[in-house]
Every structure is written in structure tokens, then in C-alpha cells.
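[1] Return a 3D structure for these sequence lines:
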Amino acid sequence: MLISEIDNNAPNFITKIGMVFQRPNPFPLSIKSNITFGLKIHGIYKEEDIDLVVENSLKYLKSILKVMRVLVRMMI
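    Model (predicted):
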């Protein structure tokens, strides 16, 4: 789901989320390693490409978290 597809219907948005952990779920790898795992499986090893994917992924996550905070406030 893209941020541009989110409307003001918070329950509709929340039903499209696959999994949300109540507490941080400790994966055995670092955050960067978890983000880049799929890239390495597909043979992408260039550090510039990996850094770009990590940076963009974290920016996207930050924007999703902002949207989630707004939606949660709307539900209260």
C-alpha cells in the first residue's frame, strides 16, 4: 500500500497491515542486514546500491510511522 493510497478511513488502512508487533521483535541480524538480506540473495552487493536501499527503506518506514500515529490519534 502506498502512502498516497491512504484515505481518512483508519480502520480500512489498518486492515491492510500484515503484521504489527506489540514489542520489538529481535531478529538475529542488524537492522541493515535485515533490510539488505533480499538484495544479497539476488546478487546485489554494491555498497552504494545497498546504502541507497537502506536509506530509502528507513525514510519510508519513518513516513509510515507518522501516518500510523495520526491514524491512531483519529481512532481515540
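[2] drop to CA atoms for contacts and neighbour counts, all remaining ones
    Fine.
[3] which other helices and strands contact the helix ranked longest in the chain?
    Secondary structure of the chain per DSSP state H: the longest helix is helix 47-75. In this structure, helix 47-75 packs against helix 10-14, helix 31-41, with contacts taken as 3 or more C-alpha pairs under 8 Å, 6 or more residues apart in numbering; DSSP states H and E.
[4] Any buried residues in that helix, and which?
    Neighbour-count burial for helix 47-75 flags 50, 53, 54, 71 (criterion: 16 or more other C-alpha atoms under 10 Å).
[5] In terms of mean pLDDT, which of the helices and strands packed on helix 47-75 ranks lowest?
    For these, mean pLDDT drops lowest on helix 10-14, to a mean of 59.
[6] Quick one: find the helix or strand in the protein with the lowest mean pLDDT.
    Ranked by mean pLDDT, DSSP states H and E, the weakest helix or strand in the chain is helix 10-14, scoring a mean of 59.
[7] Contacts only, for the nearest residue to residue 44 once chain neighbours are set aside.
    In space, and not counting its chain neighbours, residue 44 is closest to residue 50: 7.6 Å by C-alpha to C-alpha, 6 or more residues apart in numbering. Residue 50 makes contact with 36, 39, 44, according to C-alpha atoms under 8 Å, 6 or more residues apart in numbering.
[8] what about residue 40, how many residues close to it?
    Counted with other C-alpha atoms under 10 Å, the neighbours of residue 40 add up to 13.
[9] can you start the count at 21 instead of 1 from here on
    Noted, 21 is the first residue going forward, which turns the last one into residue 60.
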